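**Q** Fold the following and give me the result.
(one chain, ligands or ions: 1)
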Amino acid sequence: MSKILLIVAEAKAGKLRQVTFETIGAARTIADEGDRLQAVVIGSGISGLTNELAAYGLDHIYVIDDASLEHYNPEAYYAAISEVLRTARPNAVLLGHTAMGKDLAPQIATALGAGQVSDVIAVSKEASGVSFTRPIYAGKAFEKRAFAGSSPWVVTFRPNNIAAPAADGAGTTATTALEAPAPSLRSVIKEVVKKTSGKIDLTEAKVVVSGGRGVKSADGFAPLEELANVLGGAVGASRGACDAGYCDYGLQIGQTGKVVTPEIYIACGISGAIQHLAGMSGSRVIIAINKDPEAPIFKVADYGIVGDLFEVVPLLTQEFKQL
Ligand code: FAD
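**A** Numbering: from 1, shown residues only. This is a model prediction of the structure:
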């Protein structure tokens, strides 16, 4: 029997987030012959995004475009998605492991009586079925999970891990616009104050330049920002740097911060505490700059530079500028 796999697309600042395309990639791996890939996109002024989604050869796109949905609100978004769940009756709901996905997924799983696997970094399909790989014990080990029984699946995918397919330009997807329900909200968003000025989302950045207590001051982040700009990356931080007041907690990477898996992670003046490693050890290439040759960060680094970050970082920036 063919299944319906529903992808919850996520838009930010009027654009689809990269993790949406990665989730489509995962859906294609999961899908059997005859399965139908559908998507839902929710927000304000997002109707135009259906064209971009359609280029990925989906069978159906649901769109709920309403001014009241400009900012993510768990109750409003869940009410909107419930409409789609009732209409589409999906066998699987697939989301990004983002702030929104992490919040919505358990509500959806509860509503569908579904099992949930979270923070998936790889999907594989064998004769025995589909299995999902996810990190456990703060990234020290990995487990493979499979769904048992016939209840629906809810899965969240960690950004930057699953390959996004190329848009094949099919573009003829049926679209259904649904009215935004008007639930009686228990809380409303009055104002959103952006604390980080980064142009690139830290969790989706391909390059992250991170600073620790070794950066020594808020001004000490300036050379890191310059290097990140040259590499088209984002700036992150250790909790040590955040606690010291050198930067905003929005930049914190680690067990109690954000989890990043960029192609290149450059750790500057970060010792490499286990709680920090939990947020970045999945990075493809790790470069550590630390003046202490015994710093534990060198144990996980692919390339280590023993030296003063205030000398090394500007040199790297200078070199990369010339490329
Ligand atoms: P330090 O450990 O002080 O290291 C600074 C490094 O900079 C040193 O290695 C030093 O050699 C180097 N250095 C100094 N000057 C220079 C220079 N000029 N050039 C080059 N190198 C230099 N931490 C996180 O990062 N993320 C988390 O999410 C997190 N969650 C936590 C949760 C719990 C429950 C607990 C208990 C702790 C958590 N921590 C977390 C804190 C963690 O244990 C460490 O204290 C923290 O990561 C240390 O930050 P740091 O590496 O910047 O500082």
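**Q** contact partners of the helix or strand hosting Tyr77?
**A** Element membership of Tyr77 [criterion: DSSP states H and E] is helix 74-88. With contact meaning C-beta atoms under 8 Å, 6 or more residues apart in numbering, helix 74-88 is reached by 4, 6, 8, 38, 40, 42, 60, 62, 64, 66, 68-69, 93, 100, 103-104, 107-108, 111-112, 176, 178-181, 183, 185-187. Every C-beta, even on glycine, is put in place using the N, C-alpha and C of the backbone.
**Q** Just the buried subset of those residues, please.
**A** With burial judged by 16 or more other C-beta atoms under 10 Å, the buried subset of these is 4, 6, 8, 38, 40, 42, 60, 62, 64, 66, 69, 93, 100, 104, 107-108, 111-112, 178, 180.
**Q** near the ligand, from those residues?
**A** Among these, proximity to the ligand is found for none (C-beta under 6 Å from any ligand atom).
**Q** Could you check what's spatially nearest to Ala92, not counting adjacent residues?
**A** Computed as C-beta to C-beta, 6 or more residues apart in numbering, the closest residue to Ala92 that is not its neighbour in sequence is Trp153, at 4.1 Å.
**Q** Which of the buried ones among the contacts of helix 74-88 fall within strands?
**A** 4, 6, 8, 38, 40, 42, 60, 62, 64, 93 (DSSP state E).
**Q** Run through the residues that contact the fifth one.
**A** Contacts for Val40 were tallied using C-beta under 8 Å, 6+ apart; they are 6-9, 61-64, 81, 84, 88.
**Q** how much space between it and Ile266?
**A** In this view, Val40 and Ile266 are 37 Å apart by C-beta to C-beta, to the nearest Å.
**Q** cool, the second one as well?
**A** Leu6 sits 38 Å away from Ile266, going by C-beta to C-beta.
**Q** Contacts for stretch 149-159 next, please.
**A** 17-19, 22-23, 26, 90-98, 101-102, 105-106, 108-109, 112-121, 132, 147, 203-204, 259, 261, 282.
**Q** The residue nearest to Ala141 when sequence neighbours are not counted: neighbouring residues, count only.
**A** Nearest non-adjacent residue to Ala141, counting by C-beta to C-beta, 6+ apart: Pro135, 7.4 Å away. A count of nearby residues for Pro135, using other C-beta atoms under 10 Å, gives 19.
**Q** Could you report the neighbour count for Asp243?
**A** 12.
**Q** List the residues that contact Phe21.
**A** 56, 164-165.
**Q** Assumed it was part of a helix.
**A** Yes: looking at Phe21 with DSSP: H, G, I helix; E, B strand; the rest coil, it is inside a helix.
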